[in-house]
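>>> Starting from these lines, generate the structure:
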Amino acid sequence: MKIKNDKIAIRITCLVVSIILWMFIVVETNPPQEQTYYSIPVTIKNLSALEKSNLILMNSDKDHFTIDVKARGTMDQLTKISKGEFSAYIDVLGFSEGVTNAKIEVSGPGNVDITGVYPAQIACNVESIISKVMDVTVQYDEGGQQAENYYRALPLSNPSSVKITGPRSVVNSAAKAVATVNITGATDNIVKTVPVRVYNGTDTEIFMSAPIDNVEVSVPIFPTKYVKLVPNIIGMPEDGYQLADVTVKPDKVRIAARKDILDTIRELKLEDLDISGAYTNILSPKEILDTDGLIILDMKTAPVVNAIIEKTEEKDIVFEASDIEFANLKEGNQVNILKPETEITAKVTGPASVVNQLKKGDLALTADLSSAALGQSDVKIECKTEAKVNSIALSQGSIGIEITEAPAEPPAEE
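Numbers count the residues shown, from 1 in each chain. Sure, this is the predicted structure:
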């Protein structure tokens, strides 16, 4: 009996030793090891469910998520595996706005063990889709200008505002909604339907989740011209004083209007300036009247009217009869003054600045002989000057003359 039991024990011992020897040989000849498989694509589950909840995954690389997977097995097993046999995904179902770390689930061939996933999580940035209304700003193509001597009035956009829709951070960064139109060389109103583009604070275009409607842009274009500004003085200055001159600064203004209106405008009047009782200059800004339908250009302040008030002065200038200039004497006649010793005084009245500087040479005594006949007669005397005076009164209005035929010239000697 003892011998039989010993045989069984020997057999069992031999079997165990054989197994150990086989395992030793296998391990030594094909030992287990680890290998990393790179850039395994990660899919996203329930992304459409997220979007139906008015949320959006903002990760810029969401379409290209990848991980590296480390697997353990024998060399024979590992060399027969490709990275395409691994699959990975994250599930965004139930995510809310904010950053959520999503665990990456990985599966692979059943004959190897997955010992590492890098990274093990992906930080998912989720934002709500929001909307807001923005006013439309009309801009013009760079370098584009209406035709010369034409004016571009304020543009209109229809509608005047648009609704933009997108991720919260994108919508909140929107600084302006712009409709760009080309008006190069325009001489008439421009009406165009154009797209609206949205820009952030650094003038970088940003794009919305939902399309933005086009808008119709109207740009009024008007012809222009310069017209004179005309002051209107009322009242009388103090006794002994007078209005010497009136100036306007600027004396003309550029205006724009529809052509049919512009063609009717020759000048523009200013508000009344009352100089009643004035004895010094009056300087006063005055508004332009009757500007309905007109656009006043290049004028930041009201034009200024300067009423120059001066004391009225008188001055006597004495002439001799020989100073008279006779005009229109018929050919072949001559004129003689009957009383050549006569003195004629011209009393000049006008503003002090003019009268006080007048000299005899600034005035001229004249007599028109176009209707005078041969013989003696009285002819009317006039006094003329280019100076701005009120009046000239002569001490006598006529002078006696005699018109005779000029003596014949003696024949030339041969």
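
>>> and the protein, what are its domains?
1-28, 32-119, 129-219, 223-311, 312-405 (automatic domain parsing).

>>> How many residues are close by residue 37?
19 (other Cβ atoms under 10 Å). Where C-beta positions appear, they are placed from N, C-alpha and C, glycine not excepted.

>>> err, residue 44, not the other one
Residue 44: 19 surrounding residues under other Cβ under 10 Å.

>>> my hunch is that it is in a strand, does that hold up?
Yes - secondary structure of residue 44 (DSSP: H, G, I helix; E, B strand; the rest coil): part of a strand.

>>> Just list whatever residues bridge to it.
Under DSSP bridges, the beta-bridge partners of residue 44 are residue 90.

>>> for residue 158, same thing?
Counting by DSSP bridges, residue 158 forms beta bridges with residue 216.

>>> Also residue 197?
Residues in beta-bridge contact with residue 197 (DSSP bridges): residue 178.

>>> Give the full set of residues in contact with it.
Residue 197 is in contact with 177-180, 205, counting by Cβ atoms under 8 Å, 6 or more residues apart in numbering.

>>> Excluding chain neighbours, what is closest to residue 283?
residue 306 (5.1 Å; Cβ to Cβ, 6 or more residues apart in numbering).

>>> Just the buried subset of the contacts of residue 197, please.
Taking 16 or more other Cβ atoms under 10 Å as the criterion, what is buried in these is 177-180.

>>> can you redo those as CSV with pLDDT and distance to residue 45?
Listed next are those as CSV, based on pLDDT from 0 to 100; distance: Cβ to Cβ, whole Å:
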residue, pLDDT, distance to residue 45
177, 96, 36
178, 96, 39
179, 96, 41
180, 95, 42
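
>>> Let me know the closest of the residues you listed to residue 120.
residue 177 (43.1 Å; Cβ to Cβ).

>>> and that closest one, how far is that from residue 38?
Separation of residue 177 from residue 38 (Cβ to Cβ, to the nearest Å): 45 Å.

>>> and the residue positioned nearest the centre of the chain, what element?
The centroid of the chain falls nearest to residue 139 when counting by Cα atoms, centre = their mean (8.2 Å). Residue 139 belongs to strand 121-140 when elements are defined using DSSP states H and E.

>>> what stretches of the stretch 1-150 of the chain score poorly on pLDDT?
Across the stretch 1-150 of the chain, the ranges flagged by pLDDT under 70 are 1-7, 9, 11, 13-30.

>>> hmm, 80 instead?
Counting by pLDDT under 80, the stretch 1-150 of the chain shows low-confidence ranges at 1-31, 143.

>>> Run through the strands of it in chain order.
Taking DSSP state E, counting those that start in this stretch as the criterion, the stretch 1-150 of the chain carries its strands at 32-45, 55-57, 66-74, 87-91, 98-103, 105-107, 113-118, 121-140, 150-152.

>>> Single out the most deeply packed of those strands.
strand 55-57 (a mean of 20; mean count of other Cβ atoms under 10 Å).

>>> and that one, what other elements does it pack with?
Applying 3 or more Cβ pairs under 8 Å, 6 or more residues apart in numbering; DSSP states H and E, one finds that strand 55-57 makes contact with helix 47-52, strand 121-140.

>>> Columns distance to residue 275 on top of the ones you listed, output as TSV?
Converted to TSV, the helices and strands packed on strand 55-57 look like this (distance: least, Cβ to Cβ, whole Å):
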stretch	distance to residue 275
helix 47-52	78
strand 121-140	47
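
>>> Any idea which of these gets closest to residue 378?
Across the helices and strands packed on strand 55-57, closest to residue 378 is strand 121-140 (Cβ to Cβ), at 77.2 Å.

>>> can you give me how far that closest one is from the chain middle?
Its chain's average C-alpha position is 27 Å from that of strand 121-140, according to Cα atoms, centre = their mean, to the nearest Å.

>>> just stretch 36-47 next, same as before
That offset, for stretch 36-47, works out to 52 Å (Cα atoms, centre = their mean).

>>> out of the helices and strands packed on strand 55-57, nearest to residue 86?
Between residue 86 and the helices and strands packed on strand 55-57, the shortest gap by Cβ to Cβ is with strand 121-140, which sits at 16.1 Å.

>>> and that closest one, which strands flank it?
Partners of strand 121-140 in its sheet, by DSSP bridges: strand 55-57 (antiparallel), strand 98-103 (antiparallel), strand 161-167 (antiparallel), strand 174-181 (parallel).

>>> For those, give me TSV that also has distance to residue 222.
Output for these, formatted as TSV (distance: least, Cβ to Cβ, whole Å):
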stretch	distance to residue 222
strand 55-57	48
strand 98-103	55
strand 161-167	26
strand 174-181	17
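
>>> just so I know, which of those lies nearest residue 130?
Here strand 161-167 is closest among these (Cβ to Cβ), at 7.3 Å.

>>> How far does the closest one sit from its chain's centre?
25 Å.

>>> who touches it?
So strand 161-167 is contacted by 56, 58, 127-136, 171, 174, 177, 196, 198, 206-210, 212-213, 215 (Cβ under 8 Å, 6+ apart).

>>> Mind listing the residues bridging to residue 296?
residue 255.
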